[in-house]
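K.L.:
would you be able to build a 3D model of this:
(chains A and B)
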2 protein chains.
Amino acid sequence: MALICRCLHQRLGSIQSIGVKCLSTSAVGKLDPLEPDGPKVETTIPGPKSKELLKQLDAIQQAGSVQFFTDYVKSQGNYIADVDGNVLLDVYTQIASVPIGYNHPKLVEAAKDQKNMSCFINRPALGLNPPHDWTEKLQASLLSVAPPGLNQVQTMMCGACSVEHGLKALFSAYMVKQRKGQPPTEEEMVSCINNLSPGNKPLSILSFKRALHGRTMGALACTHTTPTLKLDMPTPDWPVATFPALKFPLEDNVRENKEVEKRCLAEVRDLLETWNKKGKPVVGIITEPIQAEGGDNYASAEFFQGLQDICKEPFKIFNTWVGDPSKMVLLEAVVNVIKEQNLLSNVVTTGDYMMSELKQLQKKYPGLLTNLRGLGTFIAVDLPDASKRDKLLRDIRNKGINMGSLWDQSVRFRPSLIFQKHHVGILMDRLDSVLSDLHK
Amino acid sequence: MALICRCLHQRLGSIQSIGVKCLSTSAVGKLDPLEPDGPKVETTIPGPKSKELLKQLDAIQQAGSVQFFTDYVKSQGNYIADVDGNVLLDVYTQIASVPIGYNHPKLVEAAKDQKNMSCFINRPALGLNPPHDWTEKLQASLLSVAPPGLNQVQTMMCGACSVEHGLKALFSAYMVKQRKGQPPTEEEMVSCINNLSPGNKPLSILSFKRALHGRTMGALACTHTTPTLKLDMPTPDWPVATFPALKFPLEDNVRENKEVEKRCLAEVRDLLETWNKKGKPVVGIITEPIQAEGGDNYASAEFFQGLQDICKEPFKIFNTWVGDPSKMVLLEAVVNVIKEQNLLSNVVTTGDYMMSELKQLQKKYPGLLTNLRGLGTFIAVDLPDASKRDKLLRDIRNKGINMGSLWDQSVRFRPSLIFQKHHVGILMDRLDSVLSDLHK
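P.N.:
Predicted coordinates for the structure are as follows:
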């Protein structure tokens, strides 16, 4: 049985400083010299132009989730510009997928570089005809930042696609073991094509409550956030375990949290036994290192080691494109910037400062802010309820801060890696002002 | 119940002339003036450099399907260049996904255009913050070539992702109807999150034998080509109907083919009844207009109208990126080139010529070629068995033609839309030579 720990790295370039400790903190100036000095709010957001464009888009597709239309040419560094002339400090960054800010000069350079041109306009079927420098590109980008011991890599289209193929690899690996090196029977080969047993196996995957792994059918079966995603969908009978609900701050709740994690591991063992007895053997466990969409829920290294102890590890993966080399060009530039500018160290510095500032705010508004939690600048905090949380988000957007909601009653901070102390200053100023209003 | 007719258009720019009749055929010269005059073969393929690169790639990922490493900078128009100095006429085009040839000047222009730059380097979460010109781009690209009556569009990441979300839309739409406008019950809302009924519904989708819709779990449940894709995967109990196996040439087998299609439609009706009785109601039927991967299998317009009669039509669709605007920049350029150069007319002209030349070859080698079938330049033909087919592909590659295998014993031609009569000449010359050897 294998453990898939779906890494936040899987999102292109969304390299957050999870568990990374940087010892040296280089003295850096403004990481993006081109960005503005602060937000600028000209209209309520969405403004009239955004509203007009929304009407047009809504006529050709479901557009209910759109917040505002963006001017990506004018967006720069930590600042996102909208079509109405507003400029917001962005601590949400396209659901945490803009690692080094908007229009970073190194990305402009990579896209303009003549030798990358063919990569943007000729999309290869990587499984058949990879480009000459494919291995090199993989080594310079993904593998250069892979955890120790992970020396192989398979690109895919997106997170859900990666999860789907990861699950298939688990099913295959499990059956190869079961067959002890023997080939599948003719009956298995013929029956599987029409979704029939014995070729179609009732294997299962264990996932955790409040997990989000994607919205395609296999990934969705491992996703347990809101009914919006799941209602009415046919889903396999796979086991779902409780993820530890730790109390914050961690240092004040050590013993209690340890007990919670112990109970969760026991539940995992029970579920495995139940499903194996049912004849639906569990071939793998899938988990996020931090349950992000589900509420920024953390568990200790010991918990994950406990899961690992329950499991062990091992792979038929192919589609037309199998990923996109043009994204690797960008990722290579991103990784280089992260290294050259020592951005992980910046994240630690900014994150520590941001956390201590948020702690002050939590003290100042104990009735409004609780359960402050985070790693680096990947931070969340709870409001008393959804309506206060939603009001905070609306109000702070109109003061020039773009941030995101999370779970029932939380807000999340997902700034880029070039987010610095002076940005924290702007964020805290606006947050204080909005909280003060909310407190009245 | 709804019919999803998975269109070949879904593959970015892979716009083949399916059922398109062009009345005017403009007199065009060489559609890509930069491309070479013919193939050039310097080594056996894969050559030594490809072999060396394969060894390197194989060390970091499963690379068994790789044919040769490609020099995408040197590839031009209808010609694909490899790393060993070989240049092949490409009638396979990255599994039919290079619509207007390699390094088309209009694509270079689009990628170099300053106003498109931000689109390549700032990937938006389209569901939250679409770019200012998103509606415009959708209209200039996808909607400008949409079939009449289809005036709404939802972008996704790739074909499988589109199918997955299409299926989810069917499940949702079916249940909205079942509830007659009433909201879901609290019990449904809570149970669905953990894959439990009543929120988790045992709904089903009917698909066809030999269909390929993708490799993620929902799409894979509708895919029925080879055991390689399906073996050991847990798959829902969904009905699978027989797709008509027509005899070619169509004009000589009219009555028999009509009977075949009638039997297939009757089977669809039987399966719907059986599954509905089982308590696993069929909410939709998914089919390809031409079953490509499954053997280039065709059915008549009457057959699809028969399916449509069995069904009717009607959507919760979201993920982080919901597609990629940089691909829309390229698609817009592709669509413009297709219109400006009247490429669909070129495909009809080239296709007619190619078909008549292939008919001659079929007459010349009746023991080797059968079941010639196609639309435009999207053509397939059967060999007597897999080993002869594989030898033909190996031999013709070493004479400078890149083409693809199909199903048990067929070959498929998937040239780009700029494939012209003189390319057909080169292809037929090499094909004749290889068939003549194979005949001995």
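
K.L.:
confidence score at A:Pro130?
P.N.:
On pLDDT, A:Pro130 comes in at 91.

K.L.:
right, and A:Asn122 touches B:His104 too?
P.N.:
No - using C-beta atoms under 8 Å as the test, A:Asn122 is too far from B:His104 to be in contact (9.1 Å). Every residue, glycine included, has its C-beta placed from N, CA and C.

K.L.:
what's the neighbour count on A:Val190?
P.N.:
13 (other C-beta atoms under 10 Å in any protein chain shown).

K.L.:
which residues touch it?
P.N.:
A:Val190 makes contact with A:199, B:227, according to C-beta atoms under 8 Å, 6 or more residues apart in numbering or on different chains.

K.L.:
that one and B:His224, how far apart?
P.N.:
Distance, A:Val190 to B:His224, by C-beta to C-beta, to the nearest Å: 11 Å.

K.L.:
equivalent analysis for A:Glu187, please.
P.N.:
16 Å.

K.L.:
please name the nearest non-neighbouring residue to A:Asn122.
P.N.:
Distances taken as C-beta to C-beta, 6 or more residues apart in numbering or on different chains place B:Tyr72 nearest to A:Asn122, at 4.7 Å, with adjacent residues excluded.

K.L.:
how far out from the middle of the chain is the helix or strand containing that neighbour?
P.N.:
Here B:Tyr72 sits within strand B:70-76, counting by DSSP states H and E. From the chain centre to the centre of strand B:70-76 is a distance of 23 Å (C-alpha atoms, centre = their mean, to the nearest Å).

K.L.:
and the contacts of it?
P.N.:
By C-beta under 8 Å, 6+ apart, the list of residues contacting strand B:70-76 from outside reads A:115, A:118-119, A:122, A:124, A:129-132, B:32, B:34-36, B:80-83, B:87, B:90, B:101-103.

K.L.:
can I get that strand in PDB, CA atoms only?
P.N.:
The C-alpha trace of strand B:70-76 is given here as PDB (Å, rounded to 0.1, in the frame of the first residue of the first chain):
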ATOM      1  CA  THR B  70      12.500  16.000 -31.800                       C
ATOM      2  CA  ASP B  71      14.100  19.200 -32.800                       C
ATOM      3  CA  TYR B  72      11.200  21.500 -32.600                       C
ATOM      4  CA  VAL B  73      13.200  24.500 -33.700                       C
ATOM      5  CA  LYS B  74      14.200  22.800 -37.000                       C
ATOM      6  CA  SER B  75      10.700  21.300 -37.600                       C
ATOM      7  CA  GLN B  76       8.800  23.300 -40.200                       C
END
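
K.L.:
given the helix or strand following it, what are its sheet partners and their directions?
P.N.:
Next in sequence after strand B:70-76, counting helices and strands by DSSP H and E, comes strand B:79-82. When pairing is defined by DSSP bridges, strand B:79-82 lines up against strand B:70-76 (antiparallel), strand B:87-90 (antiparallel).

K.L.:
follow-up on the earlier one: mind checking which of A:Glu187 and B:His224 has more residues around it?
P.N.:
Legend: neighbour count by other C-beta under 10 Å for A:Glu187 and B:His224, higher for B:His224 (24 against 12).

K.L.:
shaky segments in the stretch 251-400 of chain A?
P.N.:
Low-confidence segments of the stretch 251-400 of chain A (pLDDT under 70): A:312, A:314-319, A:322.

K.L.:
where do the strands of it begin and end?
P.N.:
Ranges of strands within the stretch 251-400 of chain A are A:282-287, A:370-375, A:378-382, based on DSSP state E, counting those that start in this stretch.

K.L.:
from the contact counts, what lies against the first one?
P.N.:
It refers to strand A:282-287. strand A:2-5, helix A:159-178, strand A:204-208, helix A:254-277, helix A:301-310 (3 or more C-beta pairs under 8 Å, 6 or more residues apart in numbering or on different chains; DSSP states H and E).

K.L.:
right, so the ones you listed: which one is the most enclosed?
P.N.:
Ranked by mean neighbour count under mean count of other C-beta atoms under 10 Å in any protein chain shown, those are led by strand A:204-208, which reaches a mean of 25.

K.L.:
partners of that strand in the sheet?
P.N.:
strand A:240-241 (parallel), strand A:282-287 (parallel).

K.L.:
contacts for the first one, please.
P.N.:
When contacts are taken as C-beta under 8 Å, 6+ apart, the neighbours of strand A:240-241 outside the stretch itself are A:206-209, A:224, A:264, A:267-268, A:271, B:194-195.

K.L.:
rerun at 6 Å
P.N.:
Here strand A:240-241 makes contact (C-beta atoms under 6 Å, 6 or more residues apart in numbering or on different chains) with A:207-209, A:224, A:267-268, A:271, B:194.

K.L.:
check contacts around A:Leu54.
P.N.:
So A:Leu54 contacts A:63, A:66 (C-beta under 6 Å, 6+ apart).

K.L.:
in whichever helix or strand it is part of, what's buried?
P.N.:
Element membership of A:Leu54 [criterion: DSSP H and E] is helix A:48-60. Neighbour counts over helix A:48-60 (16 or more other C-beta atoms under 10 Å in any protein chain shown) mark A:49-50, A:53-54, A:57, A:60 as buried.

K.L.:
now the residues you listed in CSV, with pLDDT and distance to B:Arg414?
P.N.:
Formatted as CSV, these follow (pLDDT from 0 to 100; distance: C-beta to C-beta, whole Å):
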residue, pLDDT, distance to B:Arg414
A:Lys49, 97, 43
A:Ser50, 96, 42
A:Leu53, 96, 38
A:Leu54, 95, 40
A:Leu57, 94, 34
A:Ile60, 91, 30
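
K.L.:
out of the contacts of strand A:240-241, the closest to B:Asn402 would be?
P.N.:
Set against B:Asn402, the nearest of these by C-beta to C-beta is A:Ser207 (42.5 Å).

K.L.:
residues contacting that closest one?
P.N.:
Residues in contact with A:Ser207, defined by C-beta under 6 Å, 6+ apart, are A:222, A:240, A:286.

K.L.:
can you do 10 Å?
P.N.:
A:4, A:213, A:219, A:221-224, A:238-241, A:243, A:284-288, B:194-195 (C-beta atoms under 10 Å, 6 or more residues apart in numbering or on different chains).

K.L.:
many thanks, we can stop here.
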